[in-house]
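# Sequence plus predicted model, see below.
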Amino acid sequence: MEILQMVVVIAILVMLVKPFGTYVYHVFSNEENRLDKIFGPVERLIYKLIGLKQRAGMTWKKYALSFIVTNIVLVAVSYLILRLQKILPFNPNGIDNMESTLSFNTVISFMTNTNLQHYSGETGLSYFAQMAVITMMMFTSAATGFSVAIAFIRGITSKGTTIGNFFEDFVKAHTRIFLPISFIITLVLVALQVPQTLDPTLTLKTLEGAMQQVAIGPVASLESIKHLGTNGGGFFGVNSAHPFENPNPMTNVIEILSMWALPAALTYTFGLFAKNKKQGWVIFSAMLCLFLVFLTTVYVSEKTGNPVMNSLGIDASQGSMEGKEVRFGIAQSALFTAVTTAATTGTVNNMHDTLTPIGGLVPLAEMMLNVVFGGKGVGLINMLMYAILAVFICGLMVGRTPEFLGRKIEPREMKLIAIAILAHPLIILGPTALALMMDIGNVAISNPGYHGITQVLYEYTSSAANNGSGFEGLGDNTPFWNISTGIVMLLGRYISIIAMLGVAGSLLQKQRVPETIGTFRTDNGLFVGLLIGTVLLIGALTFLPAIVLGPIAEHLTLR
């Protein structure tokens, strides 16, 4: 029955890929369609308000500059709100202003679509801050990533000199995707008993006669965009393990599909832009194969349980239920764990710090690879980066100039790809080593030994991959951790995006090469295997030593 639960959710996802992917294509193809009659008037009003008279296409440099400047403005406004929330409206609980380094970490976290939380939502933020900063940035960061992904797809598949207009893509991502879909999901969650109110914290009497404070608020609206935008920041400190955020198995499935459907559908959108649907299904198949391996690993590990506990004669028939909610059990906890780090969402319905060592290795490895579906657009960009790399390697092996989608892959593109590939492990492993060497870093470790290494490694991996989940045993709300993870989140977000936009801009300017009998095909099962092999090879070469020192060493000590 547990396995059937997971199979059904995966089957539903596969069925959603084509309709969602087609819808996204129609939104961003810039071709006239029926959606224009519905959303066109609202969008034209927005364009008028922001002074966007001409929506001409942009070069990759102008596109990158536009989204960076937009992000800077949003970060500045959000920082001021967090620092002044005490005197702003909708603060019935009288929550104080947020500390400066924590404010820095929080605004960077949500602007980079990471949503790493070094605070507890119900006690650290006012309702106004939850809505004007957290919820707002969940929309804007997701729309930014989505826009960049579409621009990248245009660059490697289209003819012309531009990759689209950032502001037009940014507005459409809000009006035609995130706002309408999140509104529907909000209504569904409210119907399933998720709170949505501006009332202050409730004061209730327990069965023992004691008084207890129960936090509530605009939870459902935040939950919808939190998952749809692959954000992950929860209204409550324990995130989707809280019964107000995720009260039952039905909401659990809805939240899983919400954060998974659009990243998966982007692969089909890519196939439509490339005028070859097989190209999209190849990328999707590679992602799904990797995902199934990781899901199987975490499920079997948690179902088997802790061998030390088993050796003591303790009943382990239910598996390792430590840190998990009984209402979800092993299957839905394992599936949620695999999806939230595959889609780089960061929301959790169980505490990852309490997973078995191999179970904890799964979310860590998915974030290190950062290609298994990924967040809003970033996962697809990264997988296409590995696809270009795989073509390049295969071309070198046979002595032929590599080509991808009819364009030659030359040194300029490979240099940019090398920057993106090497930056990711550097900003993870470098800060991890420094934190373990310095007292201000390792003092936050709550579980010394191999698990403590994993706690630190997980924190920086989550930050670099813009995931946001954490091994919550780490005491990370200190100036050192707030500043260091904030810097890692910035680098993890913008280095790869800018580099890959550069690749798209470079490929866009090249003439198409006619397909011949010697052209290496990238739309068949062989390429799926080559793509998976390339991802695993690069991942193992960069991260395997660190993984051995953490979760693998911890696993071996249990036996």
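Noted; the coordinates are in hand. Numbers count the residues shown, from 1 in each chain.
# Show me where this structure dips below the pLDDT cut-off.
For the chain, residues meeting the criterion pLDDT under 70 lie at 121-122, 310, 313-317.
# biggest helix in it, by residue count?
helix 479-508 (DSSP state H).
# tell me what it is packed against?
helix 60-83, helix 100-111, helix 136-157, helix 378-398, helix 411-437, helix 439-442, helix 450-464 (3 or more Cβ pairs under 8 Å, 6 or more residues apart in numbering; DSSP states H and E). Glycine gets a C-beta too; all of them are placed from N, C-alpha and C.
# show me what contacts the spatially closest residue to Ile12 that is not a sequence neighbour?
Nearest residue to Ile12 in three dimensions, chain neighbours excluded: Leu257, at 6.4 Å (Cβ to Cβ, 6 or more residues apart in numbering). Leu257 makes contacts with Val9, Ile12, Leu13, Leu16, as judged by Cβ atoms under 8 Å, 6 or more residues apart in numbering.
# before we move on, what about Glu325?
Ala241, Ser333, Asn349, Asn350.
# Of the residues you listed, which pair is most distant in space?
Across the contacts of Glu325, the longest distance by Cβ to Cβ is 9.2 Å; it joins Ala241 and Ser333.
# wait, Thr135 sits on Ile225?
Yes. Using Cβ atoms under 8 Å, Thr135 is in contact with Ile225, at 6.2 Å.
# List the buried residues for the longest helix of the chain?
Neighbour counts using 16 or more other Cβ atoms under 10 Å place 480-482, 484-508 of helix 479-508 among the buried residues.
# Who are the packing partners of the helix or strand following it?
The C-terminal neighbour of helix 479-508 among helices and strands, as given by DSSP states H and E, is helix 525-547. The criterion is 3+ Cβ pairs under 8 Å, 6+ apart, and the helices and strands that helix 525-547 contacts are helix 277-304, helix 357-369, helix 378-398, helix 411-437.
# What's the first helix or strand after helix 525-547?
Assigned by DSSP H and E, the successor of helix 525-547 is helix 553-557.
# nearest spatial neighbour of Phe270, skipping sequence neighbours?
Gly280 (4.9 Å).
# For Phe67, see how far away the one you found is.
Counting by Cβ to Cβ, to the nearest Å, the separation of Gly280 from Phe67 is 24 Å.
# Where do the helices of the stretch 201-350 of the chain begin and end?
219-228, 249-273, 277-304, 307-311, 329-342 (DSSP state H, counting those that start in this stretch).
# residue contacts, the spatially most central residue of the chain?
Centroid-nearest residue in the chain, with Cα atoms, centre = their mean: Thr344, separated by 2.4 Å. By Cβ under 8 Å, 6+ apart, the residues touching Thr344 are Asn113, Thr230, Met367, Asn370, Gly374, Gly375, Val378, Gly379, Ala465, Asn466, Asn467.
# give the contact list for the residue of the chain positioned farthest from its centre.
Computed with Cα atoms, centre = their mean, the residue of the chain farthest from its C-alpha average is Gly209, at 43.2 Å. With contact set as Cβ under 8 Å, 6+ apart, Gly209 has no partners.
# cool, Gln511 as well?
Applying Cβ under 8 Å, 6+ apart, the residues contacting Gln511 are Arg407.
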